[in-house]
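Asks: Could you look at this predicted model? Sequence included:
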Amino acid sequence: MDLVGSALDLLARLDARPPADLAEQEATTLADALRPVVRGLGRAYYTEGESLVGDTQYDRLFHALRTLEELHPSLVTPDSPTHRVGGGPLDAFEKVEHPVALLSLGNAFDGDDLRAWVDRVYKGLDAVLAEDERVAFVAELKIDGLALALTYRDGVLVRAATRGNGRVGENVTTNVRTIRPIPLRLGPDVPDSMEVRGEAYLSRSRFEVLNERLVEAGEKPLANPRNGAVGSLRQLDPTVTAARGLAFFAYGVGPVEGGTLPATQSGVLDWLGSRGLPTGPERAVFEDVDALVAFCESWAGHRDRLDYEIDGVVVKVDRLDYQDVLGQVSTAPRWAIAFKFPAREATTRLLGIDHNVGRTGVIKPLAILEPVQVGGVTVSKATLHNADYITSRDIRVGDDVVVKRAGDVIPAVVGPVGADPDRDRPVYLPPDACPVCGRPLVRPEGEVDLRHLEGGCPAQLRRAVEHFVSRNAMDVDGLGTKGAALLVDVELVTDLPDLFTLQREDLLALEGFKDKKVDNVLAGVEAARHRPLARLLFGLGIRHVGETVARDLVAHHDSLDALAAAAGEDLEAIDGIGPIVAESVVEWFKDEANRRTVEALQAAGVNTRRLPEERVAATLDASAPLAGVTVVLTGTLPTLTRPQAKARVEDAGGKVSGSVSKKTGLVVAGEAAGSKLDKATDLGIPVVDEAGLLAILAGAPVPGADPTAPTAAPEPDASAPATPTMTLPDGETRSLDALGTDDPEQGDLFGS
């Protein structure tokens, strides 16, 4: 088909007679002619990066087809390009493990922070930089949407997953196929397999149109474009996602096999664009730091001119080999940073001050506000942090106050606006009793928060159960915040172990609990019995024990009983565990009620022992078999899964990498090893099979540089128990990331 010629003919027909003037039969004929042309032009634009006609001409054709379908609903077909439907409704989203974690970013809040980061980059590259060499940095706008990882094999989109917690996300392939800018097939000369990373977002203009339609239909409008993007991608019915009109910008790549990409981040972005993937147009490369800072600062004032939300600028070291040299810390790369814009602020009236009870017994003051728009979100409640914060700022009910979204996420009251210190409004007095249960409150020495003297508060139990069943803890499917609170309110759950004694008939008697939901809850409870110990420890809600601390504690203790018996000085000996955390853990296990909880969980069959994958990695000394060796795993091994092999390598002091380079010290090759084995052969890197790896772990030396002679080794001991596969945590931790803390108390700001 001559797409251009057909498009011009159709445009002439539209000039002669608009769609609204056509009878049924004429409309059918025109629609049949429009569909293949609009579909072909869209494929050329979104998949192949070619604009065969002007944007205005394409829009006219697309709008004409949509108008015909609106005027004559019988013309709507499942394959119409106006609806790009991805399939039937889904039952649920499958959890998927990312082959390489999607890391968070460190933050810079002003030019000084950014310059300090640049200085750290230069120090980290000191050994590889030539004399007077300047490092190039690429700056890209930070889209405020939902991160996606798109897997292409032989150029075809085969999987799309959300970021989740960085290690495990959700499979949203069916919905992503409905996003028009995301090509289902990439352009020519692409790797055998590659992961494209980017951000799905809802444009401002599309957001406004959707909200107008929702309001007209009597439905609740979307809160903001980001929430709209997240909610659209998590629709079980992909036709809803298709109708939302999401967009996408690619910002980088993950693992790549069977091909090579440009050597710089800016080059990769250009390459992605040439293969049909949209990339952010507003980006630049700088060697001059002052120019880089000016670019970042300028966008803080210009962001409203864009048709999409941004909350900062991401700055990356441009050369990919320099990124490898810099490496990463546990959760963030050293070669990239987010320059965050100042939080958006607004002024409104403080109507009252309530108090929320957190899961650890902390009482948090909560501002009740006259609703106000802050950065696209309607805010009616905001944190007041603690009594000292209120007193120091002389915040009083009835004041006009400034409200900001900290990190553009968490609403907080900054302080009163132009308030007279002698104004006739009562000053704030903190409560001396719990607003829910009436128990007395205390403020421990050296702390800023009020808290319960003892347990037993129903509000505290609700928060504790909500936390215990949450995704990052025991992940009980089917029990969200409302469901968990309901179980406490009807006294089906009076302590955490009660979750594991829930009966089907009791759940069916509850409002909103139908057969399918009850099945999901009971299945989720059963799955929770087998979670890794670190997730159970985090779920118990011990003060100061967040996810990272829980993993560190479990790495050094093989069971909950062993941790309960540990002395404070033993805990402080663990890297990253200070005296406050150690004391909190020791005191928690001393409490008789907590000990009864642990015993009841054990009696209910909940796993309280460390899984092999949770062990602490071997100390990197000369005695570790793979100390300092970078290992690449490729292909399918006979008995070890990829996570099991990775855990054993790391336990032996090695570092597992996803790609082969000159820095690779060993490649472990299984069946269908592919291009990584070929590259190892070309570079002369030692290659072993699974038996060879097991021999090295048992003490055999790492082989020499001849990759064609895999190390011979005895067969693995068949009697040795196989290492079980670790069930990784999943779910988003945005509230903690945004606060830059692992302190679980922060999750109690709004009683969650």
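Replies: Arrived safely, thanks for sending.

Asks: tell me how far the ends of stretch 284-292 are from each other?
Replies: The first and final residues of stretch 284-292 sit 9 Å from each other (C-alpha to C-alpha, to the nearest Å).

Asks: Please export the C-alpha coordinates of the lengthiest helix in the chain as PDB.
Replies: Criterion DSSP state H: the longest helix present in the chain is helix 24-46. Presented in PDB, the C-alpha positions along helix 24-46 are these (Å, rounded to 0.1, in the frame of the first residue of the first chain):
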ATOM      1  CA  GLU A  24     -24.200   4.900   7.500                       C
ATOM      2  CA  GLN A  25     -23.000   3.200   4.300                       C
ATOM      3  CA  GLU A  26     -20.700   6.100   3.400                       C
ATOM      4  CA  ALA A  27     -19.300   6.200   6.900                       C
ATOM      5  CA  THR A  28     -18.600   2.400   6.700                       C
ATOM      6  CA  THR A  29     -16.700   2.800   3.400                       C
ATOM      7  CA  LEU A  30     -14.700   5.700   4.800                       C
ATOM      8  CA  ALA A  31     -13.900   3.900   8.000                       C
ATOM      9  CA  ASP A  32     -12.800   0.800   6.200                       C
ATOM     10  CA  ALA A  33     -10.400   2.900   4.100                       C
ATOM     11  CA  LEU A  34      -9.100   4.900   7.100                       C
ATOM     12  CA  ARG A  35      -8.200   2.000   9.400                       C
ATOM     13  CA  PRO A  36      -5.300   0.500   7.400                       C
ATOM     14  CA  VAL A  37      -3.900   3.900   6.600                       C
ATOM     15  CA  VAL A  38      -4.000   5.200  10.200                       C
ATOM     16  CA  ARG A  39      -2.600   1.900  11.500                       C
ATOM     17  CA  GLY A  40       0.200   2.000   8.900                       C
ATOM     18  CA  LEU A  41       1.200   5.600   9.600                       C
ATOM     19  CA  GLY A  42       1.100   5.000  13.400                       C
ATOM     20  CA  ARG A  43       3.400   1.900  13.000                       C
ATOM     21  CA  ALA A  44       5.800   3.900  10.900                       C
ATOM     22  CA  TYR A  45       5.900   6.800  13.400                       C
ATOM     23  CA  TYR A  46       5.800   4.900  16.700                       C
END
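
Asks: in the helix or strand following that helix, what's buried?
Replies: Next helix or strand after helix 24-46 toward the C-terminus (DSSP states H and E): helix 55-71. Neighbour counts over helix 55-71 (16 or more other C-beta atoms under 10 Å) mark Gln57, Tyr58, Arg60, Leu61, Phe62, Ala64, Leu65, Arg66, Thr67, Leu68, Glu69 as buried. For glycine as for every other residue, the C-beta is placed from the backbone atoms N, C-alpha and C.

Asks: hmm, who's touching helix 55-71?
Replies: For helix 55-71, the external contacting residues (C-beta atoms under 8 Å, 6 or more residues apart in numbering) are 7, 10-11, 14, 18-20, 22, 27, 30-31, 34-35, 37-38, 41-42, 45, 51, 75-76, 80-82.

Asks: That helix to helix 24-46, inter-axis angle?
Replies: 140 degrees (axes from the mean of the first three to the mean of the last three C-alpha atoms, to 10 degrees).

Asks: Sheet partners, orientation included, of the very next helix or strand once past helix 55-71?
Replies: Next along the chain after helix 55-71, taking DSSP H and E as the criterion, comes strand 95-97. Here strand 95-97 is paired, per DSSP bridges, with strand 168-170 (antiparallel).

Asks: for the partner strand, what is the average pLDDT?
Replies: The average pLDDT within strand 168-170 is 89.

Asks: Check the offset of it from the chain's centre.
Replies: 8 Å (C-alpha atoms, centre = their mean, to the nearest Å).

Asks: elements contacting the helix or strand just after that strand?
Replies: Next along the chain after strand 168-170, taking DSSP H and E as the criterion, comes helix 173-176. Contact here means 3 or more C-beta pairs under 8 Å, 6 or more residues apart in numbering; DSSP states H and E; on that basis helix 173-176 packs against strand 156-162, helix 225-233, helix 238-244.

Asks: Please list the residues outside the second one that contact it.
Replies: Just to be clear, that refers to helix 225-233. 144-146, 148, 162, 172, 175-176, 200-204, 207, 210, 222, 240-241, 244, 246, 308-309, 376-377.

Asks: Give me the buried entries from the residues you listed.
Replies: For the contacts of helix 225-233, buried by 16+ other C-beta under 10 Å: 144-146, 148, 162, 172, 175-176, 200-204, 207, 210, 222, 241, 244, 246, 308-309, 376-377.

Asks: Which of the residues you listed fall within strands?
Replies: Leu146, Leu148, Thr162, Ala200, Tyr201, Val377 (DSSP state E).

Asks: okay if I get the residues you listed as JSON lines plus pLDDT and distance to Val585?
Replies: Formatted as JSON lines, those follow (pLDDT from 0 to 100; distance: C-beta to C-beta, whole Å):
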{"residue": "Leu146", "pLDDT": "92", "distance to Val585": "35"}
{"residue": "Leu148", "pLDDT": "96", "distance to Val585": "38"}
{"residue": "Thr162", "pLDDT": "92", "distance to Val585": "33"}
{"residue": "Ala200", "pLDDT": "96", "distance to Val585": "40"}
{"residue": "Tyr201", "pLDDT": "95", "distance to Val585": "41"}
{"residue": "Val377", "pLDDT": "78", "distance to Val585": "37"}
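
Asks: okay, those in JSON lines with distance to Arg535 next?
Replies: JSON lines is the format used below for those (distance: C-beta to C-beta, whole Å):
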{"residue": "Leu146", "distance to Arg535": "24"}
{"residue": "Leu148", "distance to Arg535": "25"}
{"residue": "Thr162", "distance to Arg535": "19"}
{"residue": "Ala200", "distance to Arg535": "28"}
{"residue": "Tyr201", "distance to Arg535": "31"}
{"residue": "Val377", "distance to Arg535": "31"}
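
Asks: Looking at the residues you listed, spot the one nearest Gly187.
Replies: Nearest to Gly187 among these, counting by C-beta to C-beta, is Leu148 at 19.3 Å.

Asks: contacting residues for the spatially closest residue to the closest one that is not a sequence neighbour?
Replies: Among residues not flanking Leu148 along the chain, Ala200 sits closest, at 5.3 Å (C-beta to C-beta, 6 or more residues apart in numbering). For Ala200, the contacting residues are Gly145, Leu146, Leu148, Val176, Ile179, Ala229, Leu233, Leu246, Ala247, Phe248, by C-beta under 8 Å, 6+ apart.

Asks: For Ala200, give its distance to Ala229.
Replies: Distance, Ala200 to Ala229, by C-beta to C-beta, to the nearest Å: 6 Å.

Asks: Check Tyr389 too.
Replies: Taking C-beta to C-beta, one finds Tyr389 at 33 Å from Ala229.

Asks: Which of the three states applies to Val554?
Replies: helix (DSSP: H, G, I helix; E, B strand; the rest coil).

Asks: Mind checking the pLDDT average for the longest helix of the chain?
Replies: On average, helix 24-46 scores 82.

Asks: List the contacts of that helix.
Replies: 1, 3, 6-7, 10, 13, 17, 19, 22, 50-53, 58, 61-62, 64-65, 68-69, 71-72, 75, 77, 79-82, 180-183, 276.
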